[in-house]
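In: Fold the following and give me the result.
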Amino acid sequence: MRFFNNKRYIVVYILIRNYLPKDKFVNKILNFPLDGIVNKLAYFKKVVSLIGLVFLKIKRSESTVKAGILASSLLVASPYSAAQENTQLKPQMKESGQEIPTIEQSQVIAQADTSLQVKKTTKPEASEVKAPAKTPSYYVQFRSSGLAIQTEPPRYVKQANQTWLKDIDGWENVNWLDVGVVSRLRYEYNENDFRKTTDKVDEPFSLRTRLFAAVKNKFDPLRATFEFQDSRRYNYQYPSTNLDVNKREFIQGYGELYFKDALGVDALGNDRPLSLRAGRMAFELTDKRLIARNEYRNTTNNFQGYRAVLGQLNSDWQGTLFAFNPIIRFMEQADIANEAQRFYGAAFDIRKWSNVVTLQPYYYLLQQNGSKLKYTSTGAPATAADKKDRNINTGGLRAYGIVSNTGIDWDLSYIKQWGDDGGQVHDAYDYDVEAGYTFAHAWKPRVMAYRGYASGDKNPNDSTSQRFERLFGFFRPLSHSNLIVMENFQANKLRGEFNPTVSLKVDFGYSWYKLASATDRWTVPNLRDTTGKSGKDIGQEIDVRAQFPVTKYLSMVIGYSYFMAGDFAKATSQKVTPGRGEDSHLVWIDATVVAF
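Out: Numbers count the residues shown, from 1 in each chain. Below you'll find the predicted structure:
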């Protein structure tokens, strides 16, 4: 409890007053005496100070912001763009001499783990307004908390002639090139992080910069995609890992053969294209629990090999087939494909009945030749214990839907694993159940309940392993403190979210974690009691997060997570670090800038 012992809540007060609509309910909040509450909150002082500093920094002109964005994104752009920005901000004049208002902005939040992109649209004169043609689609977006997958191409990417580049001579018709530049700076205040073996305060800064370019319909069927990433971390109290640092690396670079209607047309008239890709790729499937780019983390999961994409997002069905080597990330040297591992898979989206249910069946096979293994997934040299043969089969089915005219949504998933794990019989499973309700209110409030379970090993001395293999997934929805992964856990969660304004989204939740097997490990801190005497109770977590745009090019995420250790966490961590605290606090602030 070293962080918020002061009453400096004025910046949050200003934020609330600026962003929330002024109705009676909000006015009551603004006039409420907060002193007593703030004195009891932990870690407020630094959060408020940093938020205030950030908001002072961003009170600059739009052109200056753009220049800062491009510089921080390591992109040298035409000086014309800054002049264009200034021109757009000045009132335009009609021939009659009447003043036309400045271009109106409509800001839309697009979410992934932890990054936002804000789009700006031009509002035409009333006489020119035409109803946009609605694209027929079988796709229904699920409402499940934290599971929205990253798009292809990623959300920070735009078609060249739909950005400010169109105002440069010769670029107005460049509809065959996708471009993107994004840079995210994250500050964290982490006290008593149970992922570490010591109890101390850590305040790192993480910087991740990405550049994207793709040629699409210029030379069809031949296409190409490239994505470069540079990930670094500063002011870190612990040795760096490849979860945080991966310098100067191409995370994507592949050639593609694209055939627009090779698989025919569905009943709504949507083409079912065929895409054949070869090279290095990063993508997400189904609910990203098993295959994900991992957008919250500072580095990215990726693969090298072959992938076929059948159909498209709007069609009645869509499929992915792949054969890959996972990429081993290194902090300083170039990444390499893991020649000791093969990862095969097939995943489908069946949307024919999406007004009731969308089905996502899939099968994955992870194979490892222990004699060829040189490095582990951490980039460290493989030890004798790591060099084992593995054949892990994963079969799963996800079903989700929205009950029409009720506000009710649901999401069910079951995964079964079988095979051989270094001479042990592998027999594991996972299930995830979520149900939510969205109220008919302008703020779009939604509440949800979640239950998840991934099996753990029952006996470390027998010939069977029940520990679930988490593959290459994203686990941020399980724990905002980053303490739970999809292995030997059971979780019960209650969450809520609402949008007080078009551009501000707030979500919060309560979670309770236990081990699935008392004799297996708590994976993230690698704590284990093989006797089972320490129990199963890992602990409880409370979190809150706000996401909002600041300008067209800058968006922010501010979050806080409080973890209260349970009996298992207390007993096992005390053996490693006697006298260790029982609670942990995590504050994170993301600032994301995009060039387009």
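In: contacts, neighbours, all on C-alpha from now
Out: Fine.
In: wait, doesn't A382 sit right on Y375?
Out: Yes - in terms of CA atoms under 8 Å, A382 counts as a neighbour of Y375; the distance is 4.7 Å.
In: So for these two, which residue has more residues nearby?
Out: More neighbours surround Y375 than the other of A382 and Y375, with 19 against 16 (other CA atoms under 10 Å).
In: tell me which residues in stretch 346-358 are buried?
Out: Within stretch 346-358, the residues that count as buried by 16 or more other CA atoms under 10 Å are 346-352, 354, 357-358.
In: can you list the weak-confidence ranges in the stretch 1-150 of the chain?
Out: Within the stretch 1-150 of the chain, the stretches with pLDDT under 70 are 1-133.
In: hmm, 90 instead?
Out: 1-135 (pLDDT under 90).
In: Name the helix or strand of this structure that has the lowest mean pLDDT.
Out: strand 99-100 (a mean of 33; mean pLDDT, DSSP states H and E).
In: And stretch 162-176, end to end?
Out: End-to-end distance of stretch 162-176 (CA to CA, to the nearest Å): 11 Å.
In: which other residues reach stretch 344-355?
Out: 138-140, 285-286, 315-324, 357-366, 401-402, 404 (CA atoms under 8 Å, 6 or more residues apart in numbering).
In: Let me fix that, I meant to ask about stretch 324-339.
Out: Outside stretch 324-339, the residues that touch it by CA under 8 Å, 6+ apart are 241-242, 245-247, 249, 301-306, 341-344, 372-373, 375-379.
In: Output that stretch as PDB, restricted to C-alpha atoms.
Out: C-alpha atoms of stretch 324-339 as PDB (Å, rounded to 0.1, in the frame of the first residue of the first chain):
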ATOM      1  CA  PHE A 324       3.500 -24.400 -39.700                       C
ATOM      2  CA  ASN A 325       6.700 -24.300 -37.700                       C
ATOM      3  CA  PRO A 326       6.200 -22.000 -34.700                       C
ATOM      4  CA  ILE A 327       8.700 -19.100 -34.600                       C
ATOM      5  CA  ILE A 328      11.200 -18.900 -31.700                       C
ATOM      6  CA  ARG A 329      11.600 -15.300 -30.600                       C
ATOM      7  CA  PHE A 330      14.900 -14.000 -29.600                       C
ATOM      8  CA  MET A 331      15.500 -10.600 -27.900                       C
ATOM      9  CA  GLU A 332      18.500  -9.500 -29.900                       C
ATOM     10  CA  GLN A 333      19.200 -11.900 -32.700                       C
ATOM     11  CA  ALA A 334      16.900 -12.800 -35.700                       C
ATOM     12  CA  ASP A 335      14.000 -15.100 -34.900                       C
ATOM     13  CA  ILE A 336      14.000 -18.600 -36.400                       C
ATOM     14  CA  ALA A 337      11.500 -21.300 -37.200                       C
ATOM     15  CA  ASN A 338      11.400 -24.100 -34.700                       C
ATOM     16  CA  GLU A 339      12.400 -27.000 -37.000                       C
END
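In: so V215 sits right up against G253, yeah?
Out: No - look at V215 against G253 with CA under 8 Å: they stay out of range, at 11.7 Å.
In: all helices of this protein, in order?
Out: Here the chain has its helices, by DSSP state H, at 10-19, 24-30, 35-40, 44-57, 62-72, 80-89, 567-576.
In: Can you tell me the closest non-neighbouring residue to Y429?
Out: Computed as CA to CA, 6 or more residues apart in numbering, the closest residue to Y429 that is not its neighbour in sequence is K416, at 4.5 Å.
In: taking the contacts of stretch 344-355 one by one, which sit in strands?
Out: 317-324, 358-366, 401-402 (DSSP state E).
In: where's T300 relative to R208, distance?
Out: Applying CA to CA to T300 and R208 gives a distance of 10 Å.
In: Grab the nearest non-local neighbour of D244.
Out: Nearest non-adjacent residue to D244 (CA to CA, 6+ apart): N298, at 5.0 Å.
In: residues in contact with that neighbour?
Out: Here N298 is in contact with 206-208, 231-232, 243-245 (CA under 8 Å, 6+ apart).
In: do you know how far it is from E227?
Out: Separation of N298 from E227 (CA to CA): 15 Å.
In: what does T394 give?
Out: 29 Å.
In: Same question for A292.
Out: 16 Å.
In: and N173, how many neighbours does it have?
Out: The burial count for N173: 12, using other CA under 10 Å.
In: What does it show for phi and psi?
Out: N173 has phi and psi values of phi -110, psi 10 when expressed as degrees, to the nearest 10.
In: shouldn't it be in contact with L165?
Out: No - contact between N173 and L165 fails when scored by CA under 8 Å: they sit 10.2 Å apart.
In: Contact partners for the closest residue to K374 other than its chain neighbours?
Out: Spatially, and ignoring its direct neighbours in sequence, K374 is nearest to A382 (5.3 Å; CA to CA, 6+ apart). If you count contacts by CA under 8 Å, 6+ apart, A382 has them with 373-376.
In: Could I have the buried ones of the residues you listed as PyMOL selection syntax?
Out: In PyMOL, a selection of the buried entries from the contacts of A382 looks like this (16+ other CA under 10 Å):
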select buried, resi 373+374+375
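In: now the contacts of A382 in a markdown table, with pLDDT and distance to V485?
Out: Below are these laid out as a markdown table (pLDDT from 0 to 100; distance: CA to CA, whole Å):
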| residue | pLDDT | distance to V485 |
| --- | --- | --- |
| L373 | 98 | 24 |
| K374 | 97 | 25 |
| Y375 | 97 | 22 |
| T376 | 96 | 18 |
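In: I'd like the contacts of A382 as JSON lines, with distance to W410 appended.
Out: Output for these, formatted as JSON lines (distance: CA to CA, whole Å):
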{"residue": "L373", "distance to W410": "42"}
{"residue": "K374", "distance to W410": "43"}
{"residue": "Y375", "distance to W410": "41"}
{"residue": "T376", "distance to W410": "37"}
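In: Which residue ranges of the stretch 101-250 of the chain form strands?
Out: Remark: strands assigned in the stretch 101-250 of the chain by DSSP state E, counting those that start in this stretch are 109-112, 115-118, 158-159, 177-191, 201-202, 205-219, 222-234, 246-259.
In: Correction: the previous question concerned the stretch 401-550 of the chain.
Out: 408-421, 424-438, 446-454, 464-465, 489-498, 505-514, 537-549.
In: could the ones you listed go into a markdown table alongside mean pLDDT?
Out: Below are these laid out as a markdown table (pLDDT from 0 to 100):
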| stretch | mean pLDDT |
| --- | --- |
| strand 408-421 | 98 |
| strand 424-438 | 98 |
| strand 446-454 | 98 |
| strand 464-465 | 96 |
| strand 489-498 | 98 |
| strand 505-514 | 98 |
| strand 537-549 | 98 |
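In: Adding mean neighbour count, write those out as a markdown table.
Out: Formatted as a markdown table, these follow (neighbours: other CA atoms under 10 Å):
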| stretch | mean neighbour count |
| --- | --- |
| strand 408-421 | 19 |
| strand 424-438 | 20 |
| strand 446-454 | 21 |
| strand 464-465 | 21 |
| strand 489-498 | 21 |
| strand 505-514 | 20 |
| strand 537-549 | 21 |
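In: and those as JSON lines, adding distance to D389?
Out: Shown next, in JSON lines, are the strands of the stretch 401-550 of the chain (distance: least, CA to CA, whole Å):
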{"stretch": "strand 408-421", "distance to D389": "7"}
{"stretch": "strand 424-438", "distance to D389": "10"}
{"stretch": "strand 446-454", "distance to D389": "23"}
{"stretch": "strand 464-465", "distance to D389": "14"}
{"stretch": "strand 489-498", "distance to D389": "25"}
{"stretch": "strand 505-514", "distance to D389": "30"}
{"stretch": "strand 537-549", "distance to D389": "32"}
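In: Determine which of the ones you listed approaches L471 most closely.
Out: L471 sits nearest to strand 408-421 of all the strands of the stretch 401-550 of the chain, at 11.2 Å, using CA to CA.
In: Can you show me the CA trace of that closest one as CSV?
Out: Written as CSV, here are the backbone C-alpha positions of strand 408-421 (Å, rounded to 0.1, in the frame of the first residue of the first chain):
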residue,chain,number,x,y,z
ILE,A,408,-29.2,-12.1,-24.0
ASP,A,409,-26.0,-13.5,-25.5
TRP,A,410,-24.2,-16.7,-24.8
ASP,A,411,-20.8,-18.4,-25.6
LEU,A,412,-20.0,-22.1,-25.0
SER,A,413,-16.7,-23.9,-25.7
TYR,A,414,-15.4,-27.4,-25.1
ILE,A,415,-11.9,-28.7,-25.9
LYS,A,416,-10.5,-32.2,-25.7
GLN,A,417,-6.8,-33.2,-25.9
TRP,A,418,-5.2,-36.6,-26.3
GLY,A,419,-1.9,-38.1,-27.5
ASP,A,420,1.6,-38.7,-26.2
ASP,A,421,3.6,-36.3,-24.1
